[in-house]
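Trainee: give the three-dimensional model of this entry:
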Amino acid sequence: MSRIGKAPIEVPSGVDVSIAERTVTVKGPKGQLSRVLPGAITVRADEGSLLVERPNDERQNRAQHGLTRTLVANMVTGVTAGFSKELEIHGVGYRANATSPRNLELALGFSHPVRVAAPEGIEFEVVPAGGGLPARIVVRGIDKEKVGQVAADIRKIRKPEPYKGKGVRYAGEVILRKAGKTGK
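Mentor: Numbering: from 1, shown residues only. This next block holds a predicted model:
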């Protein structure tokens, strides 16, 4: 039995979970998320918690048991607390500007500013550089997958390079630096 899959998911007060055939819908103070369950995995409500069950020990069902439990738990966490991912901008002249909570304008050393529009349910916040700290971009939303994908797409615009470390990186990410050319 999957250790992750058999753990119950606690549903806090103020969160409404509805299960209709293969679809789980979670409504909370921050919004609503819905997901179709994979394979033969089932979810059942039980006195303020959710239980994820699999019908048998086939390889496919074992593989999806823990995954499904984690996805449903992330939906419950998303509609109550939400998720965020922080990015740091390192480099001289590199900066970010939030023209609105849904639009971001980046100056990353290209000949033109790069504009990023947030998909539905995602918001941006820019914390300006200061006090020796780099500028930070905070990506917020209720869907953990979407928040992570948008942060990865922003990082992909200008990945950190290994010689000076310039570029966009996740907060706390360590960039392995290479030695440059040696002079004669």
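Trainee: so what secondary structure elements neighbour the longest helix along the chain?
Mentor: What stands out as the longest helix in the chain, according to DSSP state H, is helix 59-80. Applying 3 or more C-beta pairs under 8 Å, 6 or more residues apart in numbering; DSSP states H and E, we find helix 59-80 packed against strand 9-10, strand 23-28, strand 31-36, strand 49-53, helix 144-157. The way it works is simple: take the backbone N, C-alpha and C, and place the C-beta from them, glycine included.
Trainee: try 6 Å this time
Mentor: Helices and strands in packing contact with helix 59-80 are listed as strand 23-28, strand 31-36; criterion 3 or more C-beta pairs under 6 Å, 6 or more residues apart in numbering; DSSP states H and E.
Trainee: and those strands: which comes nearest residue 61?
Mentor: Distance to residue 61, taken as C-beta to C-beta, is lowest for strand 31-36 among these, at 16.1 Å.
Trainee: the inter-axis angle of the closest one versus strand 23-28?
Mentor: Using axes from the mean of the first three to the mean of the last three C-alpha atoms, to 10 degrees, the interaxial angle of strand 31-36 with respect to strand 23-28 works out to 170 degrees.
Trainee: strand 31-36 pairs with which strands, parallel or anti?
Mentor: Under the criterion DSSP bridges, strand 31-36 sits next to strand 23-28 (antiparallel) in its sheet.
Trainee: in the partner strand, what counts as buried?
Mentor: Across strand 23-28, burial judged by 16 or more other C-beta atoms under 10 Å covers 24, 26, 28.
Trainee: how about the first one, what does it touch?
Mentor: Pointing back at residue 24 there. For residue 24, the contacting residues are 35, 43, 72, by C-beta atoms under 6 Å, 6 or more residues apart in numbering.
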